[in-house]
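A.B. asks: Here's my sequence, what's the structure:
(4 chains)
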Protein chains: 4
Amino acid sequence: MVGNSFGRVFRVTTSGESYSGAFRKSESVPPELWGGLVVIVDGVPAGVKITSSIIQEELDKRRPGQSKLHTPRSEADKVYIFSGVMQDDTTTGAPVAMLIPSSDIGDRHIEQHRGNKELLRPGQAAYTYYKKYGEHSDYLGAGRASARETAARVAGGAVAKQVLDRLGIDVLAYTVESHGIKAGPFTYEQAKRNYRTNEINCPDPEIAQKMIEDLLQVIKEGDSCGGVIEIIAKGVPAGLGEPVFDKLSATVAHGLMSIGGVKGIEIGEGFGVAGKKGSEMNDTPYYDKETGRIRFKTNRAGGMLGGISNGEEIRIRVAVKPTPTILQDQLTVNVQTLEPVIHKFASRSDPSLVPRVYSICEAMVRIALVDSIIMSSGLRSITEMDSRWDSL
Amino acid sequence: MVGNSFGRVFRVTTSGESYSGAFRKSESVPPELWGGLVVIVDGVPAGVKITSSIIQEELDKRRPGQSKLHTPRSEADKVYIFSGVMQDDTTTGAPVAMLIPSSDIGDRHIEQHRGNKELLRPGQAAYTYYKKYGEHSDYLGAGRASARETAARVAGGAVAKQVLDRLGIDVLAYTVESHGIKAGPFTYEQAKRNYRTNEINCPDPEIAQKMIEDLLQVIKEGDSCGGVIEIIAKGVPAGLGEPVFDKLSATVAHGLMSIGGVKGIEIGEGFGVAGKKGSEMNDTPYYDKETGRIRFKTNRAGGMLGGISNGEEIRIRVAVKPTPTILQDQLTVNVQTLEPVIHKFASRSDPSLVPRVYSICEAMVRIALVDSIIMSSGLRSITEMDSRWDSL
Amino acid sequence: MVGNSFGRVFRVTTSGESYSGAFRKSESVPPELWGGLVVIVDGVPAGVKITSSIIQEELDKRRPGQSKLHTPRSEADKVYIFSGVMQDDTTTGAPVAMLIPSSDIGDRHIEQHRGNKELLRPGQAAYTYYKKYGEHSDYLGAGRASARETAARVAGGAVAKQVLDRLGIDVLAYTVESHGIKAGPFTYEQAKRNYRTNEINCPDPEIAQKMIEDLLQVIKEGDSCGGVIEIIAKGVPAGLGEPVFDKLSATVAHGLMSIGGVKGIEIGEGFGVAGKKGSEMNDTPYYDKETGRIRFKTNRAGGMLGGISNGEEIRIRVAVKPTPTILQDQLTVNVQTLEPVIHKFASRSDPSLVPRVYSICEAMVRIALVDSIIMSSGLRSITEMDSRWDSL
Amino acid sequence: MVGNSFGRVFRVTTSGESYSGAFRKSESVPPELWGGLVVIVDGVPAGVKITSSIIQEELDKRRPGQSKLHTPRSEADKVYIFSGVMQDDTTTGAPVAMLIPSSDIGDRHIEQHRGNKELLRPGQAAYTYYKKYGEHSDYLGAGRASARETAARVAGGAVAKQVLDRLGIDVLAYTVESHGIKAGPFTYEQAKRNYRTNEINCPDPEIAQKMIEDLLQVIKEGDSCGGVIEIIAKGVPAGLGEPVFDKLSATVAHGLMSIGGVKGIEIGEGFGVAGKKGSEMNDTPYYDKETGRIRFKTNRAGGMLGGISNGEEIRIRVAVKPTPTILQDQLTVNVQTLEPVIHKFASRSDPSLVPRVYSICEAMVRIALVDSIIMSSGLRSITEMDSRWDSL
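C.D. replies: Residues are numbered from 1 along each chain as shown, chains lettered A, B, ... in the order given. Purely as a prediction, here's the structure:
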């Protein structure tokens, strides 16, 4: 309700900002306890296996500093499970809490931010947060609006992944456009096979190479650029989503649009529908003997009809804007003097969201799916899952 | 939570389906009481003026049967205020209820639907509702998935409009694309001046004419087509939206994606960001002496930074698919026999959502805005609004 | 969230006040459409049978004017189902809306209230509503704080009853104290047999007679008095309620305390626990061969352990205060002049809540139970209920 | 929604169980990171001062092992602020997270619990959790049902206290009955002066002494006993609470009934109303020149009319049952063999909730009050508080 939770009955609540703990450094306390991100996942069924290495695997996808395409900011993003997981690394139905201590809160950066706190950084959220929270709003490295916050989402999404794995649902996201260079379309199998074989997560290795070269050139110019991520959810049963305002399409859009930098969302044909006729758009249903299910010969709807899942692959695309932090002179304003002033970022940001944001897209879709599944099944224990799953 | 409410502290709950009352016809009861749509708007501040004619004005924008571009289905959409409005047509802080009785539940149509209930109508939600609710799901004219449901949203949006009017916030929506024919870009003033001067609500009269001619041709072919609606909200103060999951961008996207037929959403530059550099995207802030506010020289962000309103015009576009109901033979499946079968709709639907859906887009954005305003102000009475407004 | 809804996934939203429609009288509109109460029940599974006579049966329990112990105010409380119920009087999974038009909005009473609007009626909510909603708050007959609002709850509870009946769960409420005259304890069977055989709903016919005579004496004095209602829910499975804040005990207490006039709630031994030792309070568990379940030899816990249902009878008591409306001179204040003034109610209220409030207690407990059941089962269709029920 | 959060716009989410971290002991990780309680407080206005010593002060009230009346279980309950608090120990509007690492997860106790996991401990929640979560439910020391969970509530309540202090609202709770020995009534001033001068927190020192002696005798018998806590909230403005289901009375009752062991709640006269007449119950309103406010000559209503705060002291009483853990032989059942068996607790629990539960009652009422205040004011920054406060 107040913004830091997502999901209704599988509910991820996050806390923590860019520089949590910056003002609580103390020699008498282990540095891991100075501050960081926290995520509480409520509504996890009992019987799900969760270990820190399972969560870490997802976090490592998002972790910066692993590639020349990333921000040079190095974050360990080491996760500690803190509660909700008991004997045999298994959940009990209690909420699962995880901590990701801050690992890069050097005094030099803090001073830098403090020195510039009166300058509005173009394209960033500092102004809107200032309008919302006033003089005490966080001026350090974008606070809650920092991409750092998304590590907590990814940890929450990793818990959702454990539930989906059990149900045979696979969610994957990959790059289909970077700075105007496009790739695809891809089948699920093509995407699955190749999407993590290159630094930019594009399933087409040749186009990936072009994207990478282009992005390196953009970096050289001290600039940044945007792109498009495509997400597939395979194995989703028909019937998920709550008419009429909480359709699966609507809750997934809510989750994805809440990722910083996302400016557009398409389901299935997306904006392509604007030029189409009904006779070109309707997917033809048929009875599929092999699976014993009604299926559709095409999937222009992207796996949802009336906003409710129809059993086909869910297909979504999101557009991400260029990161606002660029190493070029930019005109801005000093909020104290109200005078115009030239500002230049002191770096430390990604030149493009594209190489890392796929992991956050996966997380948000997974959370939305598990939330919808528990809404429809009332699951409290993984051992009941199989019987209830059949009735979905 | 269960899908039929939208908003947190200004909350619209709707009920009613395509043929409410079809099975409660009785000579001893006035026909207006057989059935219909109901909307309860909770969280309306005291002191707002609401009359049935104020609500009716908005409903009439959405009402079908007014143009050769609409469904021939005629619906009176007459609204009755039922509670929450007392002396001097003024709200008291109590929830406002409104009724829109069904007016077109002829037995012939019911028989027709009953006869075809085993045929999956391509592109429609009947299959997903069947998977969700089972054998008792509503087979009459799409039930809750019918566009009819949106009349209740528009009535709720009309209450929101009364609050926004008082605050000097204007929301308008208009057509910028129909079946591949594009118009724009438009300034707020251009759109405001012309958008309701033609049947397709496009602010460019010449292009509107082309769109209309094209749509008439599509109708002649028994087909349907899609389009794009643009929405502007002017006068929105900076600071609305709740980080990080309930950003204004995210709740607005949630609301718009919950409209049947919407397959894409863009904020500001939308998917255009994918080809842009940061140096081309960042909006330059400056101090505007006239208004005494920080403003931005461009508005590529579409009025939101970090998902929070920044005081500039909010600009959103939504893509709507062609209506699935087309008067052509279509292959489908009989859910009982599982055999393929040819289906042909017996009409009664819009050939395009474009001419009417703008009113629903306006309603959803208005509801989302008032909800965010009340979240940030705690308003319970319009008389306090001015003092709290200043502190937003 | 804004107060007019109860329940999470089985959610009752009400609207309507004491004199809805008082300012919309019009000869051109049927009187049933001038105004009244509305209730929307969201989350009703498909396949539940709902007719107006089923709902009316519950409403008639609450309906005033049926006994010399009631307010002389006569309200027809006639219910119209408006949506969500289709073929064979059966729900479809869509929200169920019901209307209860106002039937007693005579001009004389309106004038009377208008004349006295500046006088704070002692013990009533007018002052707190005025502080909350300001000058436009409703001054007619207590507005939303009127007992009239509870008719909508009872209609919502009647829908819940249809679900519970199917599951073999019975909820009943009866009088155990009126103006200091106590009755009981009663077994479920004793209560069931006798509780509606007298006008004050006390299962002990002899004590009932004493309570009635006493209450008639109180009426003669122009006074009012309080009492205690006991509620039993039989057949509730173990495991309902969500730890730790939304325990079944907590959500039931929330619902019951939201009934106007309730000032105390006890579960099981209630305040009696304060004088007890643990060795006197713990219920001894054992294996019951007949039912194949763990049961408890005593039920001092009132059917909940750790706030979660344990399979035994749920036992709750609520204390209701004397109605504040008494026909005696009372000192109060004029909110305009701020001078003290003598006020005398012009009647139209119940001398005691006891004879009617049991029906509202039943409704609130039923709604809370169905809400918890759907939270734990994800039910969307009654036909799945049996399989999911087993796994609860 | 799934139970581990309380509050709507000031929202406390807790995680952590009796023995968090019991299965994650590792030499390579500091023990404080093995596991423990986490609380995230969302909706904290910017500008509130929060330090670990401010939080610790409240936690120390609840901390066990400080008195011969407490459980001998020693818990350090040391709190670490982890996020949401930045420069000058001040909140920024971001959610505040706090950690309370486990400090007493000795292997001996774990073995003991493991050995007894098949025995249902009489009066405890193990059975209901088992029915809810199945075989993976937590068997160690009552898991989430443990009183340990309440330390996280107290930490959340301490944040609420910082907001209330700024507004001049004081909440205090104290003992008025222990094992049948009663004290009071007390004025706010009497209670304030004396309530923490003795180990049982009773404002009457002489009766406190009797209660303590009696409780020591109960301890000697290996038994436990119940009691009653009274809570006063002073300085609460009129108008808090949302009609009709989320009245302040209802949300406070929800919060208090969610505390383990609470079996009864009274507001104002509570169950005393059952024997009263209206003429004896109504509080007489008058204009108080000194404060310029409408006040009431008596406060039988306990500070709420129609469930909304009326500006008088809020007065609530809760009954707490004897702790179920007693050092006497008790008959119970083995859930595997289904045979009856004698069980004897191995101690480690409080003989009475009375000496410590007052701190949890204070926390829940504080959270409910701040939540209602932010609902009514929309506060996002403490610096706006004063202006908005005036309009409440």
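
A.B. asks: Is any residue of stretch A:174-183 near chain B?
C.D. replies: Yes: shown here: stretch A:174-183 in contact with chain B (Cβ under 8 Å from any Cβ of the partner chain) through A:177, A:178, A:179, A:180. Backbone N, C-alpha and C define where each C-beta goes, glycine included.

A.B. asks: Report the beta-bridge partner residues of the nearest residue to the first one once chain neighbours are set aside.
C.D. replies: Translated: residue A:177. Counting by Cβ to Cβ, 6 or more residues apart in numbering or on different chains, residue A:177 lies nearest to residue A:228, which is 3.7 Å off, once chain neighbours are set aside. In this entry, residue A:228 is beta-bridged to residue A:177, residue A:319, by DSSP bridges.

A.B. asks: where does the closest residue to residue A:295 other than its chain neighbours land on pLDDT?
C.D. replies: Excluding the flanking residues, the one nearest residue A:295 by Cβ to Cβ, 6+ apart is residue A:288, at 4.3 Å. With respect to pLDDT, residue A:288 has a value of 96.

A.B. asks: Return the distance of the residue of the stretch 251-392 of chain A found nearest chain B relative to residue A:239.
C.D. replies: Residue of the stretch 251-392 of chain A nearest chain B, by Cβ to the nearest Cβ: residue A:306 (2.5 Å). For residue A:306, the distance to residue A:239 (Cβ to Cβ, to the nearest Å) stands at 11 Å.

A.B. asks: Which one of these two is surrounded by more residues?
C.D. replies: residue A:306 (28 against 23; other Cβ atoms under 10 Å in any protein chain shown).

A.B. asks: got a list of what that one touches?
C.D. replies: A:243, A:247, B:124, B:125, B:128, B:129, B:142, B:145, B:260 (Cβ atoms under 8 Å, 6 or more residues apart in numbering or on different chains).

A.B. asks: State the distance from it to chain C.
C.D. replies: 13 Å (Cβ to the nearest Cβ, to the nearest Å).

A.B. asks: And that residue, how far from residue A:314?
C.D. replies: 14 Å.

A.B. asks: do the same with residue A:274
C.D. replies: 21 Å.

A.B. asks: before we move on, what about residue A:208?
C.D. replies: Distance from residue A:208 to residue A:314, by Cβ to Cβ: 24 Å.

A.B. asks: Show me which of those two is the more surrounded one.
C.D. replies: residue A:314 (28 against 23).

A.B. asks: hey, what's the more buried one bridged with?
C.D. replies: residue A:233.

A.B. asks: what's the distance between it and residue C:92?
C.D. replies: Taking Cβ to Cβ, one finds residue A:314 at 25 Å from residue C:92.

A.B. asks: now residue A:43
C.D. replies: Relative to residue C:92, residue A:43 is positioned 27 Å away (Cβ to Cβ).

A.B. asks: start to end distance for stretch A:136-153?
C.D. replies: 25 Å (Cα to Cα, to the nearest Å).

A.B. asks: do the same with stretch A:193-207
C.D. replies: 15 Å.

A.B. asks: check whether that stretch contacts chain B.
C.D. replies: No: Stretch A:193-207 does not reach chain B (Cβ under 8 Å from any Cβ); its nearest approach is 13.2 Å.

A.B. asks: And that stretch, how far out from the chain middle?
C.D. replies: Distance, stretch centre to chain centre, for stretch A:193-207: 19 Å (Cα atoms, centre = their mean, to the nearest Å).

A.B. asks: for stretch A:231-246, same thing?
C.D. replies: In terms of Cα atoms, centre = their mean, the centre of stretch A:231-246 is found 18 Å from the chain centre.

A.B. asks: model confidence over that stretch, on average?
C.D. replies: Rounded mean pLDDT across stretch A:231-246 is 97.

A.B. asks: what's the answer for stretch A:114-128, then?
C.D. replies: Mean per-residue pLDDT for stretch A:114-128: 86.

A.B. asks: quick revisit: any idea how far the residue nearest to residue A:177 lies from residue A:45?
C.D. replies: For residue A:228 relative to residue A:45 (Cβ to Cβ), the value is 34 Å.

A.B. asks: Show me the shaky parts of the stretch 201-350 of chain A.
C.D. replies: A:346-348 (pLDDT under 70).

A.B. asks: Would you pull up the residue in it closest to chain D?
C.D. replies: residue A:246 (12.5 Å).

A.B. asks: interface residues of the stretch 51-200 of chain A facing chain C?
C.D. replies: Listed as neighbours of chain C in the stretch 51-200 of chain A under the rule Cβ under 8 Å from any Cβ: residue A:94.

A.B. asks: Can you show me the helices along the stretch 51-200 of chain A?
C.D. replies: Assigned by DSSP state H, counting those that start in this stretch, the helices in the stretch 51-200 of chain A fall at A:52-62, A:107-115, A:126-133, A:150-167, A:188-194.

A.B. asks: CSV for these, including mean neighbour count and distance to residue C:165?
C.D. replies: Output for the helices of the stretch 51-200 of chain A, formatted as CSV (neighbours: other Cβ atoms under 10 Å in any protein chain shown; distance: least, Cβ to Cβ, whole Å):
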stretch, mean neighbour count, distance to residue C:165
helix A:52-62, 18, 45
helix A:107-115, 13, 64
helix A:126-133, 24, 50
helix A:150-167, 25, 33
helix A:188-194, 15, 46
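
A.B. asks: Those helices: which one's closest to chain D?
C.D. replies: Nearest to chain D, of all these, is helix A:126-133, at 3.5 Å by Cβ to the nearest Cβ.

A.B. asks: How far off centre is the closest one?
C.D. replies: 23 Å.

A.B. asks: which one's the longest helix in chain A?
C.D. replies: helix A:354-377 (DSSP state H).

A.B. asks: ok, is that one in contact with chain C or not?
C.D. replies: Yes: using Cβ under 8 Å from any Cβ, helix A:354-377 reaches chain C at A:374, A:375, A:376, A:377.

A.B. asks: Look up how far chain D lies from the last one.
C.D. replies: The one in question is residue A:377. 13 Å.

A.B. asks: How about the third one?
C.D. replies: Using Cβ to the nearest Cβ, residue A:376 is found at 15 Å from chain D.

A.B. asks: Near chain D, which residues of the stretch 101-250 of chain A? Just list them.
C.D. replies: A:129, A:132, A:133, A:134, A:135, A:136, A:137, A:138, A:140, A:143, A:144.

A.B. asks: Pretty sure the second one sits against residue D:92.
C.D. replies: Looking back up the chat, that one is residue A:132. No: look at residue A:132 against residue D:92 with Cβ atoms under 8 Å: they stay out of range, at 10.4 Å.

A.B. asks: Can you work out which residues contact both of residue A:306 and residue A:239?
C.D. replies: Common neighbours of residue A:306 and residue A:239 (Cβ under 8 Å, 6+ apart) are residue B:128.

A.B. asks: Can you show me the helices along the stretch 251-392 of chain A?
C.D. replies: Using DSSP H, counting those that start in this stretch, helices in the stretch 251-392 of chain A cover A:278-281, A:354-377, A:385-391.

A.B. asks: Can you say which of the ones you listed is nearest to residue A:329?
C.D. replies: helix A:354-377 (24.8 Å; Cβ to Cβ).

A.B. asks: Run the angle between that closest one and helix B:126-133 for me.
C.D. replies: Per axes from the mean of the first three to the mean of the last three Cα atoms, to 10 degrees, the angle that helix A:354-377 makes with helix B:126-133 is 60 degrees.

A.B. asks: In the stretch 101-250 of chain A, what residue comes closest to chain B?
C.D. replies: For the stretch 101-250 of chain A, the residue closest to chain B is residue A:125, as judged by Cβ to the nearest Cβ, at 2.4 Å.

A.B. asks: list the contacts for that residue?
C.D. replies: Going by Cβ under 8 Å, 6+ apart, the list of residues near residue A:125 reads A:142, A:145, A:260, B:305, B:306, B:307, B:308.
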